[in-house]
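Novice: show me how the following folds:
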Amino acid sequence: MKTKLPVRAAALGLTLTLALSPVAGAITVDEARDLLRENYIDEIPEEILSLPTIEEITNALGDPYTYYMTAEEYADFQSGMDGTNVVGIGVMVEKTADGLLVSSVAPDSPSQEAGLKTGDLIVAADGTTIQEVGSPDALAALITGEAGTEVTISILRDDQELELTMTREAVVFPTVTGEVVDDHIGWLSCNSFGETSGSYFEEYITAEDEAADRWVVDLRSNPGGSAIAVIQAVGYVLGNHDVAYVVDRQGNLSVWRPNPFPVEIPGLIQEPLVVLVDGNSASASELFAAAMRDYGYGLIIGTRTFGKGIAQNVFEQPDGSAFKITTERYYSPNYVTPDRSGVLPHLVVDANLADEVARLLCGTAEEQASEDVLVLQLAGQTWYVHREEAVSEDYAPAFAELLSAIAPNTPMTLGGKAVTPAEVSEAWGVDYVSRWFDDVADSAYGDEINTLASLGVLLGNENGDFGPQDPLTRGELVSMMVQAMGYWCWQSQGSAPFTDVDQEDWYATAVDIAYNLGLIQGNEDGEFRADDLVDHQQFLTILARMGERSDLSIERRLEQVTEEELAAEAVQAYDAWARPYVVTAEDLSFLAVPLEELDPTAPTTREEAAVMLYRMLDYIGILTPVTEE
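Specialist: This next block holds a predicted model:
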């Protein structure tokens, strides 16, 4: 259990979004400079502030989330957060070579009234087929038109072609939609967090509560939005708990909470909950997923999220324009920031199959001793997978993904007997690809290694082996760390200045990332020496540095290392530069063995590195959710 840090209530005027392109505007450069000096999260060098234009200043910051919007751009920005108003029939589609696949139908729209459904394939408009117009974009253009005019679309549904006629009108696509799926799953799809999103959560949960015994919140491709909205949404789901902590430029720690007072109000969802995420789930959607993870309230399924852990304040101007400025960094209830590393799901699966994996796990509760029902314990909840669906043509690929994502020692029974993924695969006749390493069976840390492998945190060599007893090289170390924390998307920050690293080297990108994050340094000759072995003091230093930038409590622990702790005999065996990190790693139980048994200059084996990485991630809370505040 982590020590609670002192906090104060935070003001809620922040916007959490993906970046839009910087634009020039009516605000003066001097006014922009003053706003940045007073509000930007970090101190800005005067040589940057003295640049002649706003665009040059924001570009020099290297922060894609700080930029100026004209009145028109700001209006579009707000519209995108709150719901899009367009003239048409009221559908969102995925463009395919065969037609327009309906992914969402707006409520109270012409499409809904005509009976159009998610999954329908639009193949023609007013008798003109996609083959005749030549592209899905051209077909979509035929469907839009002036309000009050009619259009007849041809759709394919269950191998049948149907025609639906509807009258075009102005349609608002809400940021949240809800429906009951498979007669018992309450399904909320949230494409962004606008000002009204919180109320949508309350509306749909209340409407579907009687029919739902399982819930899914789909945040895939959700770029973020309003802090107030996500705080409200989290509050409606799990009750009045801390949603996030934010740190400003002065280092003050504040809390975001639905109700600013410590009043326990229960959430509206008491049944098992799944949250779907992908690499485009960012900012506010990451806060939602992290809160569900940290309170052990939801099972997170999909791929690692985008990794935006900074918050912006929108400063509106009298002429309707606005300057969006990064003002704070934020952390989950367990003091973990998604910045750069995102949120790692409990089950890492192909994001395109995540919804099908969720529907499989949300099977109805039945006799647990049945050979036709797989029972799993995941994220503190019981889930049921039915054989008939799992082995079907439609769901077998998703079931194979599920089996691949399961970690060792996951409580899982079939016919009342504990089983492994391989045994389920054989019993039900569904092939899957195991992510576990075959060569760690004799390792004392085999379960920890394969748990990380199931999450995609550890990768093997070209033969698929892990090599637990092999010593760890510096090149392997940086690759392991970058892979573990999901830093790959931040590879554009520039090359590291090491004279012996060629950009064609297999480890070069990882070296660049680790250097720019401040995790590694070279020697006095400016060399990285990728083939050198990593000793224990080097490994513990880099491990603690990585934890420091990910977890606020680790950062605070490093700041509190005492002279007495540094003077301990076992710590004195380490070089002075490593001692604060060694003290922190020992105190937070990252070590594979007691510190007295660890030779500072002995090479670190790959299994030692894996288990200490596992324990650091476990402390952070990525692997084991907290259950109380």
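
Novice: determine the set of other helices and strands touching the host helix or strand of Ile155.
Specialist: Element membership for Ile155 (DSSP states H and E) is strand 150-157. The helices and strands touching strand 150-157, judged by 3 or more Cβ pairs under 8 Å, 6 or more residues apart in numbering; DSSP states H and E, are strand 121-125, helix 136-143, strand 160-167. (C-beta placed from N, C-alpha, C; glycine too.)

Novice: what strands line up against it, and which way round?
Specialist: strand 121-125 (antiparallel), strand 160-167 (antiparallel) (DSSP bridges).

Novice: of those, flag the one that's most buried.
Specialist: strand 121-125 (a mean of 21; mean count of other Cβ atoms under 10 Å).

Novice: dump the strands paired with strand 150-157 into CSV; add distance to Gln131 as well.
Specialist: Shown next, in CSV, are the strands paired with strand 150-157 (distance: least, Cβ to Cβ, whole Å):
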stretch, distance to Gln131
strand 121-125, 9
strand 160-167, 14
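
Novice: Asp551 is nearest to which of these?
Specialist: Asp551 lies closest to strand 121-125 among the strands paired with strand 150-157, at 46.4 Å (Cβ to Cβ).

Novice: where does pLDDT dip in the stretch 501-629 of the chain?
Specialist: Scanning the stretch 501-629 of the chain for pLDDT under 70 picks out 624-629.

Novice: can you give me how far the longest strand seen in the chain is from the chain middle?
Specialist: If you go by DSSP state E, the chain has its longest strand at strand 322-331. Relative to the chain's own centre, strand 322-331 is displaced by 19 Å; criterion: Cα atoms, centre = their mean, to the nearest Å.

Novice: can you list the buried residues in that strand?
Specialist: 322-331 (16 or more other Cβ atoms under 10 Å).

Novice: ok, which pair from those is furthest apart?
Specialist: Most distant of the buried residues of strand 322-331, by Cβ to Cβ, are Ala322 and Tyr331, 26.0 Å apart.

Novice: the nearest residue to Ala396 once chain neighbours are set aside: neighbour count?
Specialist: If the residues on either side of it in the chain are set aside, Ala396 comes closest to Val430, at 5.4 Å by Cβ to Cβ, 6 or more residues apart in numbering. Using other Cβ atoms under 10 Å, Val430 has 19 other residues around it.

Novice: list the contacts for Val430?
Specialist: By Cβ atoms under 8 Å, 6 or more residues apart in numbering, the contact list for Val430 reads 390-391, 396, 399-400, 403, 424.

Novice: which of those residues are buried, as a ChimeraX select command?
Specialist: Of the contacts of Val430, the buried ones go into a single ChimeraX selection, burial set by 16+ other Cβ under 10 Å:
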select :390,396,399,400,403,424
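
Novice: so which of the contacts of Val430 are in helices?
Specialist: Those of the contacts of Val430 mapping onto helices are 390, 396, 399-400, 403, 424, per DSSP state H.

Novice: so which pair among the residues you listed is furthest apart in space?
Specialist: Pairwise distances across these (Cβ to Cβ) peak at 12.7 Å, for the pair Ala396 and Val424.

Novice: please verify my assumption that Gly224 contacts Phe288.
Specialist: No: between Gly224 and Phe288 there is no contact under Cβ atoms under 8 Å: 9.8 Å.

Novice: okay, and the common contacts of those two?
Specialist: Here Gly224 and Phe288 have Phe193 as joint contacts, going by Cβ under 8 Å, 6+ apart.

Novice: before we move on, back to that, outside of the longest strand of the chain itself, list whatever touches it.
Specialist: In contact with strand 322-331 (Cβ under 8 Å, 6+ apart) are residues 14-15, 17, 27, 32, 35-36, 39-41, 63, 65-69, 74, 77, 244-249, 254, 256, 287, 309-317, 337, 339, 552.

Novice: please identify which helix or strand holds Tyr614.
Specialist: Counting by DSSP H and E, Tyr614 is part of helix 606-620.

Novice: repeat that for Ser103.
Specialist: strand 99-105.

Novice: who are the packing partners of that strand?
Specialist: Against strand 99-105 (3+ Cβ pairs under 8 Å, 6+ apart) you get strand 91-96, helix 110-114, strand 121-125, helix 136-143.

Novice: I'd like to know which of those is closest to Leu623.
Specialist: strand 91-96 (34.2 Å).

Novice: save the strands paired with strand 150-157 as CSV, and put in distance to Pro411 and mean pLDDT too.
Specialist: Below are those laid out as CSV (distance: least, Cβ to Cβ, whole Å; pLDDT from 0 to 100):
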stretch, distance to Pro411, mean pLDDT
strand 121-125, 41, 93
strand 160-167, 43, 94
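
Novice: ok, which of those comes nearest Arg214?
Specialist: Closest of those to Arg214 is strand 121-125, at 27.8 Å (criterion: Cβ to Cβ).

Novice: related to what we said a few turns ago, deepest of the helices and strands packed on strand 99-105, which one?
Specialist: Buried most deeply of the helices and strands packed on strand 99-105, by mean count of other Cβ under 10 Å, is strand 121-125, with a mean of 21.

Novice: quick check: angle from it to helix 136-143?
Specialist: 60 degrees (axes from the mean of the first three to the mean of the last three Cα atoms, to 10 degrees).

Novice: what lines up beside the following helix or strand past strand 121-125 in the sheet?
Specialist: Using DSSP H and E, the next helix or strand after strand 121-125 towards the C-terminus is strand 128-129. Strand 128-129 pairs in its sheet with strand 121-125 (antiparallel), by DSSP bridges.
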